[in-house]
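# how would this look folded up:
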Amino acid sequence: MGIRFYNKGEHAGGFVGFRVSRSVDGKPRQEYFKVTDTDPESINYKRGKLEAYRLALAWEEEAQEKEYQRFVNEDSPQTTPERASGVHRLTLGFVQDKRKNWVPAFIVTGGSDRAVEGRVRRIYRVFTMQSSGLKEAWSKAVHFWAEVHDIHEADRRRVLINSPDPTKFKELRRFECEVNGKDIPVEAIRAAFKEQRDAIRMERLATSAHKAIGERPSTTAADIYAWFEQESRS
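This next block holds a predicted model:
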């Protein structure tokens, strides 16, 4: 806590007492608590000290809450828009599998996971879409992110239902290729569209079934398929 006691003659302005200082939400704060008796056992001294510590604790709690709200509602300033997910320490990315194929993924980073042989290990966990779709990978990533960063249950649920649109991986692929010089083929983003492909497949089966019994389908699978092909190739 930013608490300092000024004894007689220590402050340029002649102040005697406790000063509380703290930055909250990027803005500096300070407050002074004057004492007339510098004896640590005196009532006046103890009262001034107690008031100073109470304010310091209140400011600390306020600062931590504001920091938490930024963490769960904003992207880190260091995160590029193409990798942004809407929260700190959970980003979009492309990683290479054992065969050196590029795969879309969600990446969770953070502070220490646990001490290994006396050394602190940094958190870096990748959740790929290689064998699952975007929503399944997102679900796993969000649950892990919430666990390692002590996220409130309400915020975990909110983030969970707000998965990124798969087209973000199309934008990220373009960014990685054009800006960072990576050679990520168009086919790499197909895993991010797994749910869409599954929906198309089911729609086409439903359309075939409707045609077989002479009914008109409610939606057109061809239109959905055309949209998917355009999104995945552009």
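# Flag every buried residue along the helix ranked longest in the chain.
When the chain is parsed with DSSP state H, its longest helix is helix 43-73. Of the residues in helix 43-73, Y45, G48, K49, E51, A52, L55, A56, W59, A63, Y68, V72 count as buried by neighbour count, 16 or more other C-beta atoms under 10 Å. C-beta: built from backbone N, CA, C; applies to glycine.
# My guess is the fourth one contacts F33. True?
Yes. E51 sits in contact with F33 when judged by C-beta atoms under 8 Å, with a separation of 5.1 Å.
# joint contacts of those two?
Taking C-beta atoms under 8 Å, 6 or more residues apart in numbering as the contact criterion, the residues that touch both E51 and F33 are F18.
# Could I get the full set of helices for the chain?
When assigned using DSSP H, the helices of the chain occupy the ranges 43-73, 134-148, 153-160, 167-178, 194-212, 221-233.
# Any chance of those in JSON lines with distance to R89 and mean pLDDT as columns?
Output for the helices of the chain, formatted as JSON lines (distance: least, C-beta to C-beta, whole Å; pLDDT from 0 to 100):
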{"stretch": "helix 43-73", "distance to R89": "8", "mean pLDDT": "97"}
{"stretch": "helix 134-148", "distance to R89": "6", "mean pLDDT": "96"}
{"stretch": "helix 153-160", "distance to R89": "11", "mean pLDDT": "98"}
{"stretch": "helix 167-178", "distance to R89": "17", "mean pLDDT": "96"}
{"stretch": "helix 194-212", "distance to R89": "25", "mean pLDDT": "63"}
{"stretch": "helix 221-233", "distance to R89": "28", "mean pLDDT": "55"}
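# how about these, which one is nearest V24?
Comparing those by their distance to V24 (C-beta to C-beta), the top pick is helix 43-73, with 4.6 Å.
# Show me what that closest one is packed against.
Of the remaining helices and strands, those touching helix 43-73 by 3 or more C-beta pairs under 8 Å, 6 or more residues apart in numbering; DSSP states H and E are strand 3-6, strand 17-24, strand 27-34.
# For my notes, please list the ones you listed in TSV and give distance to R174 for each entry.
Listed next are the helices and strands packed on helix 43-73 as TSV, based on distance: least, C-beta to C-beta, whole Å:
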stretch	distance to R174
strand 3-6	52
strand 17-24	39
strand 27-34	38
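# if I pick L92, what's in contact with it?
E82, R83, A84, S85, P104, A105, F106, I107, P164, K168, F169, L172.
# For E10, state which of these is nearest.
Proximity of these to E10 was ranked by C-beta to C-beta; the top entry is A84 with 48.1 Å.
# so the closest one makes contact with Q78?
No. Using C-beta under 8 Å, A84 and Q78 do not qualify as a contacting pair, with a distance of 10.6 Å.
# Neighbour count for the two, which is higher?
Comparing A84 with Q78 by neighbour count (other C-beta atoms under 10 Å), the higher total belongs to A84, at 17 against 8.
# Quick check: closest non-adjacent residue to that one.
Spatially, and ignoring its direct neighbours in sequence, A84 is nearest to D75 (4.2 Å; C-beta to C-beta, 6 or more residues apart in numbering).
# for A105, same thing?
Excluding the flanking residues, the one nearest A105 by C-beta to C-beta, 6+ apart is T128, at 4.2 Å.
# Check K49 too.
For K49, the nearest residue in space outside its immediate sequence neighbours is F18; the separation is 6.1 Å by C-beta to C-beta, 6+ apart.
# Mind splitting this structure into its structural domains?
Residue ranges for the structural domains of the chain, counted by automatic domain parsing, are given in the record as 3-73, 81-185, 190-233.
# which one of those has the most crowded surroundings?
domain 81-185 (a mean of 16; mean count of other C-beta atoms under 10 Å).
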